[in-house]
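> Turn this into a model:
(6 chains)
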Protein chains: 6
Amino acid sequence: MARPVTLFTGQWADLTLEELAAKTSAWGFDGLELACWGDHFEVDKALEDDGYVQAKWDLLNKYGQKCFAISTHLVGQCICDPIDERHKSILPPRLWGDGDPEGVRQRCAEEMKDTARAARKFGVDVVNGFTGSSVWGMLYFFPPTGQADIDKGYEDFANRWSPILEVFKQEGVKFGLEVHPTEIAYDIVTARRTLDAIDNHPNFGFNFDPSHFIHQFIDPVFFIDEFPDRIFHVHVKDSRVQLNGRNSILSSHLDFGDPRRGWDFVSPGRGDVSWDQIIRALNRIGYQGPLSIEWEDSGMDRDWGAPEALEMIRSQDFTPSTVAFDAAFASDE
Amino acid sequence: MARPVTLFTGQWADLTLEELAAKTSAWGFDGLELACWGDHFEVDKALEDDGYVQAKWDLLNKYGQKCFAISTHLVGQCICDPIDERHKSILPPRLWGDGDPEGVRQRCAEEMKDTARAARKFGVDVVNGFTGSSVWGMLYFFPPTGQADIDKGYEDFANRWSPILEVFKQEGVKFGLEVHPTEIAYDIVTARRTLDAIDNHPNFGFNFDPSHFIHQFIDPVFFIDEFPDRIFHVHVKDSRVQLNGRNSILSSHLDFGDPRRGWDFVSPGRGDVSWDQIIRALNRIGYQGPLSIEWEDSGMDRDWGAPEALEMIRSQDFTPSTVAFDAAFASDE
Amino acid sequence: MARPVTLFTGQWADLTLEELAAKTSAWGFDGLELACWGDHFEVDKALEDDGYVQAKWDLLNKYGQKCFAISTHLVGQCICDPIDERHKSILPPRLWGDGDPEGVRQRCAEEMKDTARAARKFGVDVVNGFTGSSVWGMLYFFPPTGQADIDKGYEDFANRWSPILEVFKQEGVKFGLEVHPTEIAYDIVTARRTLDAIDNHPNFGFNFDPSHFIHQFIDPVFFIDEFPDRIFHVHVKDSRVQLNGRNSILSSHLDFGDPRRGWDFVSPGRGDVSWDQIIRALNRIGYQGPLSIEWEDSGMDRDWGAPEALEMIRSQDFTPSTVAFDAAFASDE
Amino acid sequence: MARPVTLFTGQWADLTLEELAAKTSAWGFDGLELACWGDHFEVDKALEDDGYVQAKWDLLNKYGQKCFAISTHLVGQCICDPIDERHKSILPPRLWGDGDPEGVRQRCAEEMKDTARAARKFGVDVVNGFTGSSVWGMLYFFPPTGQADIDKGYEDFANRWSPILEVFKQEGVKFGLEVHPTEIAYDIVTARRTLDAIDNHPNFGFNFDPSHFIHQFIDPVFFIDEFPDRIFHVHVKDSRVQLNGRNSILSSHLDFGDPRRGWDFVSPGRGDVSWDQIIRALNRIGYQGPLSIEWEDSGMDRDWGAPEALEMIRSQDFTPSTVAFDAAFASDE
Amino acid sequence: MARPVTLFTGQWADLTLEELAAKTSAWGFDGLELACWGDHFEVDKALEDDGYVQAKWDLLNKYGQKCFAISTHLVGQCICDPIDERHKSILPPRLWGDGDPEGVRQRCAEEMKDTARAARKFGVDVVNGFTGSSVWGMLYFFPPTGQADIDKGYEDFANRWSPILEVFKQEGVKFGLEVHPTEIAYDIVTARRTLDAIDNHPNFGFNFDPSHFIHQFIDPVFFIDEFPDRIFHVHVKDSRVQLNGRNSILSSHLDFGDPRRGWDFVSPGRGDVSWDQIIRALNRIGYQGPLSIEWEDSGMDRDWGAPEALEMIRSQDFTPSTVAFDAAFASDE
Amino acid sequence: MARPVTLFTGQWADLTLEELAAKTSAWGFDGLELACWGDHFEVDKALEDDGYVQAKWDLLNKYGQKCFAISTHLVGQCICDPIDERHKSILPPRLWGDGDPEGVRQRCAEEMKDTARAARKFGVDVVNGFTGSSVWGMLYFFPPTGQADIDKGYEDFANRWSPILEVFKQEGVKFGLEVHPTEIAYDIVTARRTLDAIDNHPNFGFNFDPSHFIHQFIDPVFFIDEFPDRIFHVHVKDSRVQLNGRNSILSSHLDFGDPRRGWDFVSPGRGDVSWDQIIRALNRIGYQGPLSIEWEDSGMDRDWGAPEALEMIRSQDFTPSTVAFDAAFASDE
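You can find the predicted model right below:
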């Protein structure tokens, strides 16, 4: 039983959902993971307008596309971040308001609660997203940063997210943090610290995305084996380290696609992620959810790349063994 | 002619200068690079009190120690940084004042000008230090960060430092930025962008410290060859990458010395820096200044490590060749 | 002319031969390498019952499957091994008898002679299998083990197998030892020592299986080039080294499929074997026999894996060159 | 828009052009890159006989094959080389004449001018080829070789090729040197030195072939980025380094195909060239020309290999991105 | 405070203890780790003869040599092993007796209890040694070996050693197993399984010897960090992997010193052990015991090698840091 | 018994022998390997003037310097090479004469015979040197070069050197070819081919110099093990590969010391040669001759480097083991 393969719509927000669903249907995708920005999935409308949700399903059904999760990276980012001008461009006016940092953070926290409610109404069990972090900027310890400074960041996260997660619990929805630099958890150690901060809240887990581990030189398989019961969703995204003694792994404040960067995102299957190993690990922990392609590659046309990625992951998503080999050696008389 | 080897006093600020000079003299160092914090070198006293400078020299001479440079990382850091509580702990009250960010930045900028004046009065030609950066925290582009956002950081740097560098020029003193994450320049690409931002101001260059390149996977030799006329001073400091598939190169907000970090500083000679290659590159560009050991290793006693490092770099600082080998093959009849 | 691709039936003994032949026929295999356990090929019945052999061929022909070799790993293992309880489970009662070690060894030696006779009657020229070893357990020399101790193991092998090989010679059948830890030969050095022990008996050679060399860090190509005239049969099986500093290459007495092992078998094409290099080497020595997939991967469904492996090896089994390239450069006027 | 894929005919000179065109047409190639030896493209006949060129096109059109470049490696090699007996076998009698070295070189230089004229007449804009070199044999500096000795080689090249390149300029044809050991340029440094020697003549550039960089351990992508406006044509050819501590990278004067060589050519896709990286680099510089497979693999049948290589390069030649990803994150309200 | 460095006398049993003590004293060792074979330390005499122990101390004191541990690898090996002829050569006649396997095992178990008593009487707190294993020979699972088979080996170990460890407990002596292939524990996983089998008996731990991990590709540092409170003693021994594609990591039943082996022991400092990392790990866990050189290198004279190893480990055994570096940055005004 | 360490005088020909002997004596060398160019050892004078040889020994004895070999690379090079202007600069006028290539080659062949005679008269048993090669320039097969072309080069070598080697045989002197690119043998394969060409003449062997194998990626230890009875002399010289994706291993016709080269010579101990492995191999074959430092490093002062190299090789030249370790385990009762 192969897992369903969906496409995350975040990088296709310039297309209408119908245009996109027509494409993915033709390419053979099983469904879509809807981004809560642009008009692919609008939390406020879903809650206000009883017909909104049905209309979405009608459209998806028209193209034979399923949906298992919605994603809200942009709003999530603004819940714990120190807010600056860049955040204005990723929020709708109703959330940005006057831009006062604390006000922005609180409005986004409320929006996140509503997102859980909208997911329930829409009928999906998983919301993926970011959390932001008040201590990310303290990476590379100068001025000297003590563990007390870092601890404050995790307390801030717990304070802001615990009430949100209670709503998720009430609604029976899980939040999957996409572990990622700039977030409260960006590797194995900080993911553990994050879970500790919220006493392993049962509705908080991870949207596993191996592409964010590659440039940190973390083997993504370790993450799966470390948190087997917290893998709520999986992104199929790839990245590639391209160091040559001049490129920095920190990438020099250069845009994606610039060959002087030390690493970059590439179409799934063309990077350093070992998909065979990841499928085995997912088989091991019994993950049965979708494999959702998040397609991003600054050097390739996306209409070339998305079907290529689909074919790649389908050929990798093999069925686990159900036969014990040694049994076959036993004499049966 | 071997280069003089000095010890940077920053990590020894808990000792009086005399205690430290007695140690380094006994170990066989040629001199000290004085940190402008603690009481090793106090800019304000040097400018106010005509006897201060002489007293310092008397003390140094008593122990046969030379001085080629002073260093002011802490004040420099506060010139471009977004200021938060952590900066309070690295500044004296007279510079912190009420802690208003812009006020702190401007007081530190003035202090930096004074540092150039104090260096001149003290009789050294180089001031090493940090610059801070308003855009460092925008590492790892989320929220989405355009090149226009980054450009603003370099303009801010140019606006704040150009007047400072003019004072350096008047005083005939050079500023050597220690290229380092958290600073305006942290690799080859950003060092070039920094020089561009200030139109290659002649008094701005680098305190070359290879330990900050190792964990970025940059070959430090490339840096020397890229900026041959801007290597104003050299730190002998080492670091080691210790990745095992679980450790992140970003080091998980863990303290130095924690084995779960992806990299760490180690006593010079025990890390990944290839000192032989660096000496050859310094020979190539004709660098004649001191080799200043910045000793930092959370797993080793510093009184064990500093003399070990001295012996290591002395054995590496060989004399370049003056004979063309092929010449010896020529028959001389 | 591509080589025929067969499937070794040993890991499919839970299926009847007909069920299996139906599968392999549908997948496009050329044939089967029959295991002499379960009911795929029964040596005693083949010799006793004149209709047995014909019935097997009828069944194979019904599905268009060829057969080039039969394999008898289990019986072979018991010829030289110190016998313990584990051997009971791999032998039929008629060979185990009362389990007295020497009796078991002698009954298995006679069965091996019969296997040669049955192969001749069945019309195949190659019997693959194991030999066992009385000295394998002396790996890692403690208690101290002298070469005299090891020599005894090779003498024991020669004494037990020389009469067997004479029967192979009479029948015109070749025995292909699958070089493998636990056998008298498990690498290049011990394969040479084995051949020396039996004076290079012409009917003794190897069933080349690269998967057993990978975790020993031997390049399988060296084996082919070392014994070009002794490659009697080829197994297409793959394995992967998965070391991370915690896993031992000795694999800690853990079952296959446990991710804490230092190596494991994987579906052919997904491991560390370089099939392109192996095909080139087989072309070089003129091997024309079958490529027999021995499929074993504890993390993948075998019905997914076997056809995948078939497609992989077919795409690799290219035709060698018959044109001298430089010739094309010569002007022909 | 995928680039056209052609086959270089040099290694197929034993076939008539029609035989070859029938094959490449059936395999799905877009066209051929004609070698100027054998009878695939004869410069003298093209200039003498007005019907010759038309007949070639008729034949190509019959099989739906295009042509974008012709290649003249053999004649080019003889322009700067010290001439010995080996050159006789690669030239037609009319160019070899009495074999006097300087006479051979001058006749080949004239032939090269004619090749530009014939290309123009035939209607293609690029001639690929070699240049030879009077200093190649001075590789590995013994007897001691000064830079003055090397400089003479580049002067000799400039003297012989400048008049030739003027003819190319008049005809509006570009010459693409296949950078290659034995030629005046064989790596990045010598390619730069070559361009300097002829003052960056606008009609001189490169037929980029990554297979010649692999065994020099040069990343071919650096070459493209170093000379973005000089990539006139691209060869798809692959090679593989096969060092094991005994094999020399210099390959011991052994023929291609001997496994004791330290490197060898292999069918494109089976070697060490990273085609994905090369396509990205070609996209970056805007190269729009053909990808011409030069197929050479001493261990594989060419009729197996050429279609395999075609499929490989087609699957790699993806379209670059035209969407800015960050744009998709922007809220549109 | 550097740790004392001792020499393990096992490989010097051909010398009298006095000859050896004279050597080690002259070389500058701090003491000896006495082997319980030959006449260096005789358990039976120590218990029988009240003057024996004092005479040993007089001799050691005469040469200024300390003693922190005794070692009994040979007797320990015979407690769990299947006994064969090789064991006869490593036991005195009084323990071998008639050679009946179970009798040998039980006599050796009693001797081990006496060794604890002798250690107490002699005044040392640690006995190092081996345990043997009834399941080691089942490495490489053929015939198929289930976890039930393996479990039996650990039960056998627990049954035989639990009474022994109770005697150790009564005597206040610790047993340090040298984790090693052929023993019940040979890597991290099996060391854990061993501790589990005896319910983490407080008197059972490890004589950490990194040389036995290197050829298993285990990072010895992981072992220290995994069992921080069970490192009872440390051996300084080194080994080197020497794979070239022909050598097997299993070493082909070849003697130490044969260059065709895949790995070999070498003089400490010349192998693949990273001593710097090990000293840091020992500092981290607070190990204060001796560093005991077990010198073995088939290619070097031991009188050359032992002092070399002493110098090496002394230069590596640095003092850990006691200063928090960031503290030095804090302004103290 | 440590081997004597000498310094090869070839790179010090600008000093008089007395100046050099005074240096090497002070540094602690055991002796000198005299170059037959400049005035260190003049073959013609040695044969003509009976006092010449005695005067050399008097001078060497005055400084306590021994001599085991003389070297004649320059004359040797001219015996098989195609002669061009570069050879003029390495020969004295009496050998260059009118520069006619064949005349030069024959005069040098006669000089080589005289060198054997002079070595005998001087009392040394080994002459080291080069041979030249008529086929070296045919490296990288273009124009296409058949094995017949290469064979001619080995025949030419055999024809020219067989008479020379007969003189060596008469004089009881051995010739040690320094295997090196530009010579008839430059790796393992060509060294074998060279020996075959002269029917393994007993007076022809090798001056083993590992530095010439490093950039060919050959493990020098393989060479020693391949030709155990042909290692007549050993050079201690080192080199380093410095590839970064831009540097070619062919080194771009750049001078030694240019950092853009792909490899370079460095002071022994600072390169990629594993001296420990080489000493073990020399111990294995029983080589008892000198270790002669050929010091060449374009980036280091030779007066710094030569003593450093001496200390390095002395610390590596350990004595092999004479004790069988297992013996020590045997119980002696």
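
> right, and the secondary structure at A:Leu34 would be what?
strand (DSSP: H, G, I helix; E, B strand; the rest coil).

> ugh, wrong one, A:Ile278
helix.

> distance of it from chain F?
29 Å (C-beta to the nearest C-beta, to the nearest Å). The C-beta positions use only the backbone N, C-alpha and C, and glycine is treated the same way.

> pretty sure that residue is touching A:Asp225, no?
No: A:Ile278 lies out of contact with A:Asp225 (C-beta atoms under 8 Å); the separation is 11.0 Å.

> So for those two, which residue has more residues nearby?
Using other C-beta atoms under 10 Å in any protein chain shown as the criterion, A:Ile278 and A:Asp225 rank with A:Ile278 on top: 23 against 15.

> biggest helix in chain A by residues?
Scanning chain A for the longest helix, with DSSP state H as the assignment, gives helix A:147-171.

> Any residue of it touching chain E?
No: judged by C-beta under 8 Å from any C-beta of the partner chain, helix A:147-171 makes no contact with chain E; its nearest approach is 10.6 Å.

> tell me the average confidence for that helix?
Helix A:147-171 shows a mean pLDDT of 97 in the predicted model.

> And the next helix or strand after it, what's buried?
Remark: after helix A:147-171, the chain's next helix or strand is strand A:174-177, criterion DSSP states H and E. Neighbour-count burial for strand A:174-177 flags A:Lys174, A:Phe175, A:Gly176, A:Leu177 (criterion: 16 or more other C-beta atoms under 10 Å in any protein chain shown).

> May I have the predicted confidence score for the first one?
This points to A:Lys174. pLDDT, read off for A:Lys174, is 98.

> Contact partners for it?
A:Asp125, A:Val126, A:Val127, A:Phe168, A:Asn203, A:Phe204, A:Gly205, A:Phe232 (C-beta atoms under 8 Å, 6 or more residues apart in numbering or on different chains).

> which of those residues are buried?
Here, 16+ other C-beta under 10 Å leaves A:Val126, A:Val127, A:Phe168, A:Asn203, A:Phe204, A:Gly205, A:Phe232 buried among the contacts of A:Lys174.

> Helix, strand or coil: sort out the second one for me.
Under three-state DSSP, the three-state class of A:Val127 is strand.

> just checking, what packs against the host helix or strand of A:Leu59?
Assigned by DSSP H and E, A:Leu59 belongs to helix A:50-62. Judged by 3 or more C-beta pairs under 8 Å, 6 or more residues apart in numbering or on different chains; DSSP states H and E, helix A:50-62 is in contact with helix A:17-27, strand A:31-35, helix A:43-48, helix A:101-122.

> so can I have TSV of the ones you listed showing mean pLDDT and mean neighbour count?
Below are the helices and strands packed on helix A:50-62 laid out as TSV (pLDDT from 0 to 100; neighbours: other C-beta atoms under 10 Å in any protein chain shown):
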stretch	mean pLDDT	mean neighbour count
helix A:17-27	98	17
strand A:31-35	98	26
helix A:43-48	97	17
helix A:101-122	98	20
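
> Just list the residues touching the closest residue to A:Asp297 other than its chain neighbours, thanks.
Nearest residue to A:Asp297 in three dimensions, chain neighbours excluded: A:Ser267, at 4.3 Å (C-beta to C-beta, 6 or more residues apart in numbering or on different chains). Going by C-beta under 8 Å, 6+ apart, A:Ser267 touches A:Asp238, A:Trp295, A:Asp297, A:Met300, A:Gly305, A:Glu308, A:Ala309, D:Phe318.

> likewise A:His212?
A:Glu178, A:Val179, A:His180, A:Pro181, A:Tyr186, A:Ser239.

> Looks to me like the second one is in a helix.
Put plainly, it is A:Val179. No: counting by three-state DSSP, one finds A:Val179 to be coil, located in no helix.

> So out of everything in chain A, what residue is nearest chain C?
Across chain A, the shortest distance to chain C (C-beta to the nearest C-beta) belongs to A:Thr319, at 3.5 Å.
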